[in-house]
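>>> Okay, here's the prediction I keep looking at, along with the sequence it came from:
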Amino acid sequence: MINDAWPLRPLGELFEIGAGKTMSAAARDGVEKTPFLRTSNVLWDEIDLTKVDEMAIPPHELSGKLLRPGDLLVCEGGEIGRAAVWNGEQDVMSFQNHLHRLRPLADDVDPRFYVYFLQCGFTQLGIFEGAGNKTTIPNLSRNRLAALDVPHPEIDEQRNIVRVLARVREAMKLHDRCTSLAQDLKRAAMRALFTKGLRGEAQKETEIGPIPESWDVVEFAEVRERLQYGTSTRCTYDPTEFPVLRIPNIEPGRVNASDIKFGTLRKDEAQRYLLKDGDLIFIRTNGVIERLGACAVFASEPEGALFASYLIRAQLKLDRVDPYFAAHFYGSELGTSIVAGRATPAADGKYNLNTGTIDSLPFPLPPTVDEQREIVAVLDAIDQKIDLHRRKRAVLDELFKALLHKLMTGEIQVSGLDLSALSPDPALSDSKTPEVAA
């Protein structure tokens, strides 16, 4: 239900809708080429220029196929309705035929307001019955887009709504950047810790590269009590007494219990697969080789959990190795490359490990468990920082979705918002703008 105070106007009355250039053999093979955007470059409220294609566009067509700052791009196929504004990031840019270019016809149109309305309409309000079609077949014709009725509030109100939503989006991007930086820091820390340690001692060369002089490189078999394949019982989401961990539950270093299936086993059979605190769980088969050998430490969650057949449980000699130290090592770039180098490719395109391969994996072993735990503490502190940014980002994502729906339907007004918990925006201190910070 859209705000009754806002007049509805067809998009075709607010924007001139232009068609993009079709890629052809001649366009691909031409000499004078122009960069152009595909639907894959247009994200919600963001243009991704990581990979931009080029094609030759005849001079007599080129002027009509170029973008100007402020042009609104709307996806005709794929995730239809997805939209973003071109801000002139490059001097010359065109667009393909599966994108509609909407150019404002009047000064009382803020293109980003319509980005947000389309996002609300297509992802929340179901304004177009084809929105669930994820194929690349064109679904949203120019005529249907032009005829789409959209709200047209006063320009100041459009801009105020844009500022609120854009500020929340910026806060989300900030946490994305912080997460990425913390992940880079963790990779660098792993490289340093597993080659230099924390004691400042001299290094020695080994089969896995330099390690501290007091460390040894041993086969994994020397530090484990036993290895075991998991249960092959069929699992479903129907709750039973026995939750079963699967590949999706194994994240670097830890178990993610958010997507749990359950198995039906006899109690005596289930006891064979019952996980204990400190068990190290390896992924033994995967189509992504970087995931192969990834391992998590079981820490009581979920209670009474078993593990599935695509996993291998390692019970360690806890007087010699801290399970979290082992998990961090095999989750590092060095550990991942060691596992990948010993994987067995299968006919189905997947890669496999077995207990013999795991037993033969080299493992750097500091002389004391205390030293291992000190290294774990450093890496855990970085993980906590990553988790904090991810949690904050998830909260902001939910806030954005709620604000998007409530602002676009008129359930709430910008003047009634208090987002003071978010970082202040100097641009909002102007008396003509709402007292909202994000």
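Structure's in. What do you need?
>>> Just the C-alpha atoms of stretch 334-353, please, in CSV.
Output of stretch 334-353 as CSV, limited to C-alpha atoms (Å, rounded to 0.1, in the frame of the first residue of the first chain):
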residue,chain,number,x,y,z
LEU,A,334,49.8,-22.5,3.6
GLY,A,335,47.6,-25.2,5.1
THR,A,336,45.1,-25.0,2.4
SER,A,337,47.8,-25.3,-0.3
ILE,A,338,49.2,-28.3,1.4
VAL,A,339,45.8,-30.1,1.5
ALA,A,340,45.1,-29.1,-2.1
GLY,A,341,48.3,-30.5,-3.3
ARG,A,342,47.4,-33.9,-1.9
ALA,A,343,43.7,-34.0,-3.0
THR,A,344,42.5,-36.7,-5.3
PRO,A,345,40.3,-35.5,-8.2
ALA,A,346,37.2,-37.5,-8.9
ALA,A,347,35.2,-38.1,-12.1
ASP,A,348,32.4,-35.9,-10.9
GLY,A,349,34.7,-32.9,-10.8
LYS,A,350,35.0,-33.0,-7.0
TYR,A,351,38.2,-33.4,-4.9
ASN,A,352,38.5,-36.0,-2.2
LEU,A,353,40.6,-36.7,0.9
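>>> next one: it to chain centre, how far?
How far stretch 334-353 lies from its chain's middle: 24 Å, per C-alpha atoms, centre = their mean, to the nearest Å.
>>> Give me the contacts around that stretch.
By C-beta atoms under 8 Å, 6 or more residues apart in numbering, the surrounding residues in contact with stretch 334-353 are 190-191, 194, 208-209, 282-287, 289-290, 292-294, 312, 329-330, 354, 357, 360-362. C-betas here are computed from N, CA, C, even on glycine.
>>> in the protein, which segments are predicted with low confidence?
When residues are selected by pLDDT under 70, those of the chain lie in 1, 128-138, 420-438.
>>> Spatially central residue in it, please.
residue 176 (9.2 Å; C-alpha atoms, centre = their mean).
>>> what are the ranges of the helices in the stretch 151-300 of the chain?
155-196, 267-270 (DSSP state H, counting those that start in this stretch).
>>> mind checking how far the first one is from the chain centre?
Read it as helix 155-196. 12 Å.
>>> Now do it: which elements does it pack against?
Judged by 3 or more C-beta pairs under 8 Å, 6 or more residues apart in numbering; DSSP states H and E, the packing partners of helix 155-196 are helix 111-120, strand 209-212, helix 333-341, helix 369-409.
>>> which stretch among those comes nearest residue 247?
Closest to residue 247 of the helices and strands packed on helix 155-196 is helix 333-341 (C-beta to C-beta; 14.9 Å).
>>> and the closest one, which residues are buried?
The neighbour-count check on helix 333-341 (16 or more other C-beta atoms under 10 Å) flags 334-336, 338-339 as buried.
>>> of all these, which comes closest to residue 17?
residue 336 (48.4 Å).
>>> ok, now how distant is that closest one from residue 116?
Between residue 336 and residue 116 the distance is 40 Å, computed by C-beta to C-beta, to the nearest Å.
>>> same deal with residue 181?
Taking C-beta to C-beta, one finds residue 181 at 28 Å from residue 116.
>>> Comparing the two, which shows the higher neighbour count?
residue 116 (25 against 13; other C-beta atoms under 10 Å).
>>> Now the more buried one: closest residue in space, sequence neighbours ignored.
Once flanking residues are discounted, residue 116 sits nearest to residue 165: 5.3 Å by C-beta to C-beta, 6 or more residues apart in numbering.
>>> For burial, what's the neighbour tally of that neighbour?
24.
>>> contacting residues around it?
116, 400, 403-404, 407.
>>> mind putting those residues in CSV, distance to residue 376 included?
Shown next, in CSV, are the contacts of residue 165 (distance: C-beta to C-beta, whole Å):
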residue, distance to residue 376
116, 44
400, 35
403, 40
404, 41
407, 45
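>>> Which of those residues lies at the shortest distance from residue 156?
Closest to residue 156, out of all of the contacts of residue 165 and judged by C-beta to C-beta, is residue 407, at 14.2 Å.
>>> which non-adjacent residue is nearest the closest one?
Setting aside the residues directly before and after it, residue 407 is nearest to residue 161 in space (C-beta to C-beta, 6+ apart), at 5.2 Å.
>>> Residue 227: which of the buried residues of helix 333-341 is nearest?
residue 339 (14.5 Å).
>>> And that closest one, how far from residue 105?
In terms of C-beta to C-beta, residue 339 sits 59 Å off from residue 105.
>>> Residue 46: how many residues sit nearby?
When counting by other C-beta under 10 Å, one arrives at 14 neighbours for residue 46.
>>> Tell me the backbone dihedrals of it, please.
Dihedral angles of residue 46 (phi, psi; degrees, to the nearest 10) stand at phi -160, psi 140.
>>> all helices for the stretch 1-150 of the chain, in order.
Remark: helices assigned in the stretch 1-150 of the chain by DSSP H, counting those that start in this stretch are 11-14, 25-29, 59-62, 111-120, 142-147.
>>> Residue 419: which of those is closest?
With C-beta to C-beta as the criterion, residue 419 lies closest to helix 111-120 of these, at 15.8 Å.
>>> Output that closest one in CSV with nothing but the alpha carbons.
Provided in CSV are the C-alpha atoms of helix 111-120 (Å, rounded to 0.1, in the frame of the first residue of the first chain):
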residue,chain,number,x,y,z
PRO,A,111,16.8,9.1,-9.9
ARG,A,112,18.0,7.5,-6.7
PHE,A,113,14.6,7.8,-5.1
TYR,A,114,13.3,5.6,-7.9
VAL,A,115,16.2,3.1,-7.4
TYR,A,116,15.0,2.6,-3.9
PHE,A,117,11.3,2.5,-5.0
LEU,A,118,12.1,-0.2,-7.6
GLN,A,119,14.1,-2.1,-5.0
CYS,A,120,11.1,-2.0,-2.6
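>>> Now do that helix against helix 369-409, angle only.
Here helix 111-120 runs at an angle of 100 degrees relative to helix 369-409 (axes from the mean of the first three to the mean of the last three C-alpha atoms, to 10 degrees).
>>> okay, the angle between helix 111-120 and helix 155-196?
Helix 111-120 and helix 155-196 meet at an angle of 70 degrees, taking the same axes, to 10 degrees as the criterion.
>>> separation between residue 73 and residue 319?
62 Å.
>>> among the contacts of residue 165, which ones are buried?
116, 400, 403-404, 407.
>>> neighbours of residue 379, just the number please.
Residue 379 has 21 neighbouring residues, counting by other C-beta under 10 Å.
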